[in-house]
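Engineer: sequence first, then the predicted structure:
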Amino acid sequence: MTTANVDPLVARMRPFGTTIFAEMSALAVRTGAVNLGQGFPDTDGPPEMLAAAAEALRGGRNQYPPGPGVPELRAAIAAHQDRFWGLTYDPDGEIVVTAGATEAVAASILALCEPGDEVVCFEPYYDSYAASIALAGAVRRPVTLRPGADGRYAVDPAELRAAFGPRTRLVLLNSPHNPTGKVFTAGELALVAELCQEYDAYAVTDEVYEHLVFTDAAAPHVPLATLPGMRERTLRISSAGKTFSCTGWKVGWASGPAPLVSAVLRVKQFLTFVNAAPLQPAVAVALALPDDYFTGFRDGMQARRDQLGAALRAAGFEVFSPDGTYFVTADVTPLGGRDGIEFCRSLPQRCGVVAVPTQVFYDDVEAGRRLVRFAFCKRPEVLAEAGARLRRLGEDG
Ligand code: PMP
Ligand code: GLN
């Protein structure tokens, strides 16, 4: 029946409303609040990259690029992974360019999962994971990350082991992790690798924050694909949005053994076919920038982490300082908050700042009820203003 009273949306998508990022950014625009919700930088990426994009736009690179991506970008993606992680992929067949990491994740899940297959993931999880799993008719098996005594989120090995079973098709691993800022440790990665092999499961790794691991992190970033036995079963995903401060470009990629990449490409060709022709050569230029671009980017973000962390502590939050990404999570309990959603909905009115409640990224809502996430990928003066506003929270009782 097609009447106005019936929700036309398929049942598997009905649990998913408007994304929390869109909701909170709209709230920031409506109220004029400082937006520390949705994670996007407020400065542009490297000038060489922007110049290359302008040149490509004016130089006639505006028609459909090849399905797997333009050759110079695939070559640059391969060279970058070899340079930083010692991972070698053949640009012809082992790399596919996608519309952001989001499409790479969606296409991977749609390509690999039959209805009823299980996907092990870690909660809080990035919101598109749950939706992509649902679109595939697959079932998510979340493992909850919980803050430990040192303020770092950790995996319970028994919980992780219990999440695997005969229907496990793949594990979706995001490290450095949004929203907790966690960098998975060597021990945690080894257990993931062991379980993937024991259950003959694939791994899909979301490494969009691969260049945002701070100098004082407990663990360095180690791509899961570098562990013994993992390259052949891993699709490694990243994107330009974070590393080069161009979240609106939506240029991402997946790398892996040819059969896996070919499966992703077969799905991708019917989702978007191809994407971002003139931006692809520009991202190739960015990926080839010297090492000091990448360390400078990290150091700048680390200073902002420290700036916002200090401001949040001064305002009275319990702060879980991140080892990576550009997000910090905080517990609102010391400020009298009981529920992160309520807290974030009232925050613009109370002090003119927007944050994101992380409970929307949990199946176990209680585990995240009092946690909120702030993005610190903003200019220092914007963070200073947000900090001054947040100080008012303590004052309004
Ligand atoms: N994965 C994670 C963990 C993210 O935080 C984001 C967005 N910031 C994405 C994927 C999406 O990346 P893209 O914009 O390249 O699609
Ligand atoms: N990845 C960004 C974040 O976590 C937002 C992306 C989006 O709005 N979908 O804030």
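Structural biologist: In hand now; what should we look at? Residues are numbered from 1 along each chain as shown. Ligands and ions are numbered 1, 2, ... in the order given.

Engineer: what does the stretch 151-300 of the chain have sitting close to ligand 2?
Structural biologist: By CB under 6 Å from any ligand atom, the residues of the stretch 151-300 of the chain that approach ligand 2 are N178. Where C-beta positions appear, they are placed from N, C-alpha and C, glycine not excepted.

Engineer: now do the contacts for the residue of the stretch 151-300 of the chain found nearest ligand 1.
Structural biologist: Using CB to the nearest ligand atom, the single residue of the stretch 151-300 of the chain nearest to ligand 1 is S239, 3.2 Å away. By CB atoms under 8 Å, 6 or more residues apart in numbering, S239 lies in contact with G100, A101, A104, V208, K250, V251, G252, W253.

Engineer: now with 6 Å, please.
Structural biologist: By CB atoms under 6 Å, 6 or more residues apart in numbering, the contact set of S239 is G100, A101, V208, G252.

Engineer: which two among these are spaced furthest apart?
Structural biologist: Spatial extent of the contacts of S239 (CB to CB) is set by the pair G100 and V208 at 8.8 Å.

Engineer: one step back: leaving out sequence neighbours, find the closest residue to the residue of the stretch 151-300 of the chain closest to ligand 1.
Structural biologist: With sequence-adjacent residues excluded and distances taken as CB to CB, 6 or more residues apart in numbering, S239 is closest to G252, at 3.4 Å.

Engineer: quick check, T205 in contact with R236.
Structural biologist: Yes - counting by CB atoms under 6 Å, T205 does reach R236; the two are 5.1 Å apart.

Engineer: distance between the ends of stretch 200-217?
Structural biologist: End-to-end distance for stretch 200-217: 31 Å, by CA to CA, to the nearest Å.

Engineer: show residues contacting that stretch.
Structural biologist: Contact partners of stretch 200-217, identified using CB under 6 Å, 6+ apart, comprise 101, 108, 112, 168, 170-174, 176, 183, 196, 221, 224, 233-239, 242-243, 294, 298, 301-302, 323-325.

Engineer: buried among the residues you listed? Need that as a selection in PyMOL.
Structural biologist: The buried residues among the contacts of stretch 200-217 can be selected in PyMOL (16 or more other CB atoms under 10 Å) with this line:
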select buried, resi 101+108+112+168+170+171+172+173+174+176+183+196+221+224+233+234+235+236+237+238+239+242+243+294+298+301+302+323+324+325
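
Engineer: what about C121, which SS state?
Structural biologist: Under the three-state scheme (DSSP: H, G, I helix; E, B strand; the rest coil), C121 adopts strand.

Engineer: how close does it sit to ligand 2?
Structural biologist: 15 Å (CB to the nearest ligand atom, to the nearest Å).

Engineer: how many neighbours does R313 have?
Structural biologist: Using other CB atoms under 10 Å, R313 has 14 other residues around it.

Engineer: name the nearest residue to it, sequence neighbours excluded.
Structural biologist: Here the residue nearest R313, using CB to CB, 6+ apart, is V319, at 5.4 Å.

Engineer: who does the one you found bridge with?
Structural biologist: Beta-bridge partners recorded for V319 (DSSP bridges): A330.

Engineer: quickly note the distance from it to ligand 1.
Structural biologist: Applying CB to the nearest ligand atom, the value for V319 to ligand 1 is 20 Å.

Engineer: any idea what the residue nearest to A386 when sequence neighbours are not counted is bridged to?
Structural biologist: Leaving aside its sequence neighbours, A386 sits nearest to V34 (CB to CB, 6+ apart; 4.4 Å). Going by DSSP bridges, V34 is paired in beta bridges with V353.

Engineer: is any part of stretch 124-136 close to ligand 1?
Structural biologist: Yes - Stretch 124-136 is in contact with ligand 1 by CB under 6 Å from any ligand atom, via Y126.

Engineer: packing partners for the strand or helix carrying P142?
Structural biologist: Assigned by DSSP states H and E, P142 belongs to strand 139-144. Under the contact definition 3 or more CB pairs under 6 Å, 6 or more residues apart in numbering; DSSP states H and E, strand 139-144 sits against strand 118-123, helix 157-163.

Engineer: the shortest one: which residues count as buried?
Structural biologist: Buried residues in strand 118-123, counting neighbours by 16+ other CB under 10 Å, are found at E118, V119, V120, C121, F122, E123.

Engineer: tell me the contacts of the fifth one?
Structural biologist: Put plainly, it is F122. F122 makes contact with V143, L145, according to CB under 6 Å, 6+ apart.

Engineer: can you name the residue of the stretch 51-200 of the chain nearest to ligand 1?
Structural biologist: Relative to ligand 1, the nearest point of the stretch 51-200 of the chain is G100 (2.4 Å; CB to the nearest ligand atom).
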